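Colleague: Structure here, sequence nowhere to be found:
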């Protein structure tokens, strides 16, 4: 009888162990997320991993194109590495920049973006892939519309932070942010870059939402944007073909469906774990823009479903940490900037992945930190530097970092005194 009772007790203990383990795991995870430096480490780690994956994929996906164009398989990778070498110090500088200095530069940033966009429309502008959205500055060719995205986020955040106590009035919500962003979007549309214009409009809607604009304004703005985008898409043969064929790219396989179809081929051959880094078949010429807009397809082919999910999780980690910073701060400028950067980077990721999966039309949006291109990489690195700086400056995080610095100084002093003896 005693043995039977003991067996029953053992079975009951075993039955309750899994829930207890799950509860303990969740409690440990919650405790880890509640630590002062969690947002800082999540942003730093996810950004570093994405940048590393991006460099590896640019090297792999561009090797055939580089050799065909220049005879050097590393030509594109070297240029991307140069942009990284420029961007990382800039990201470090802005992460330590006093907030007052940063806010003073926002108007200058917007003015600079407008000037560069206007110059792109003029004789200095260069046409690539049917879009006049590149600017030649001597030996350097840049895409000002990519830099304008970060400029409008910082400028709008500064304006709304100044008007923080008056945002219950619709006039202060609209002026001057909506006209300023509309001017940037109009210049981008003039360059025939519908994809970037839609991203700017998405940033504008996100900024209006975060400051509490009324719902009727969203309905009106969204309707105007939708009508304008539809008009632009249907009055251009190239865009119309992409719009009509993105659902079934194989219906027009040899024309508008060629790129998305080969993107699907690349993803389907990747399987769970991929063909291995450097083993992509589609990058040998079948897949256009393999190292830029469709690099996610090559990533899926070489790293498989596991690799693509890892990249998506890293983007979601950045979004989680940035929203965490925005929700915990008392500074409206930090809140608006963090939210705007999150919508920009996460939105571009969703659009790019949707393009590759043939869920959205191909509109030429790069994958942040992964796709080749200095014009897109530099603003992304600076934006992440800002987020990391915001996370570092949280009161609890700042105290934790200061305490760690003091403990290291005390340890060094103790070590020096022992050696002196």
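Modeller: Structure's in. What do you need? What you see is a predicted model, and the numbers here were worked out from it, not measured in a lab.

Colleague: any chance you could map the strands in the protein?
Modeller: All strands of the chain, identified by DSSP state E, fall at 125-128, 131-137, 140-142.

Colleague: now what about the first one, what contacts it?
Modeller: Outside of strand 125-128, the residues within contact range by C-beta atoms under 8 Å, 6 or more residues apart in numbering are 119, 132-136, 141, 191. C-beta here means a position set from N, CA and C on the backbone, and glycine is covered the same way.

Colleague: Determine how far it lies from the middle of the whole chain.
Modeller: 25 Å (C-alpha atoms, centre = their mean, to the nearest Å).

Colleague: Also the longest one?
Modeller: Relative to the chain's own centre, strand 131-137 is displaced by 22 Å; criterion: C-alpha atoms, centre = their mean.

Colleague: Can you list the buried residues in it?
Modeller: Within strand 131-137, the residues that count as buried by 16 or more other C-beta atoms under 10 Å are 131-135.

Colleague: Repeat that for stretch 274-290.
Modeller: Buried residues in stretch 274-290, counted by 16+ other C-beta under 10 Å: 274-275, 280-283, 287-290.

Colleague: Now, those that are in helices?
Modeller: Using DSSP state H to define helices, no part of these is located there.

Colleague: what would the residues you listed look like in CSV with distance to residue 327 and pLDDT?
Modeller: Formatted as CSV, these follow (distance: C-beta to C-beta, whole Å; pLDDT from 0 to 100):
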residue, distance to residue 327, pLDDT
274, 36, 95
275, 41, 95
280, 40, 94
281, 45, 93
282, 41, 93
283, 41, 92
287, 40, 91
288, 41, 90
289, 37, 92
290, 39, 94
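
Colleague: Closest one of those to residue 207?
Modeller: residue 289 (30.0 Å; C-beta to C-beta).

Colleague: Closest one of the buried residues of strand 131-137 to residue 218?
Modeller: Using C-beta to C-beta, residue 133 comes nearest to residue 218 of those, at 27.7 Å.

Colleague: Just to check, the closest one is in contact with residue 193?
Modeller: Yes: using C-beta atoms under 8 Å, residue 133 is in contact with residue 193, at 4.5 Å.

Colleague: who touches both of these two?
Modeller: Between them, residue 133 and residue 193 share the contacting residues residue 145, judged by C-beta under 8 Å, 6+ apart.

Colleague: Including distance to residue 48 and pLDDT, could the contacts of strand 125-128 go into CSV?
Modeller: Output for the contacts of strand 125-128, formatted as CSV (distance: C-beta to C-beta, whole Å; pLDDT from 0 to 100):
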residue, distance to residue 48, pLDDT
119, 34, 94
132, 35, 85
133, 30, 88
134, 29, 92
135, 30, 93
136, 32, 87
141, 28, 89
191, 33, 88
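
Colleague: ok, the closest residue to residue 323 other than its chain neighbours - contacts?
Modeller: If the residues on either side of it in the chain are set aside, residue 323 comes closest to residue 342, at 6.1 Å by C-beta to C-beta, 6 or more residues apart in numbering. For residue 342, the contact set (C-beta under 8 Å, 6+ apart) comprises 318-319, 322-323, 326.
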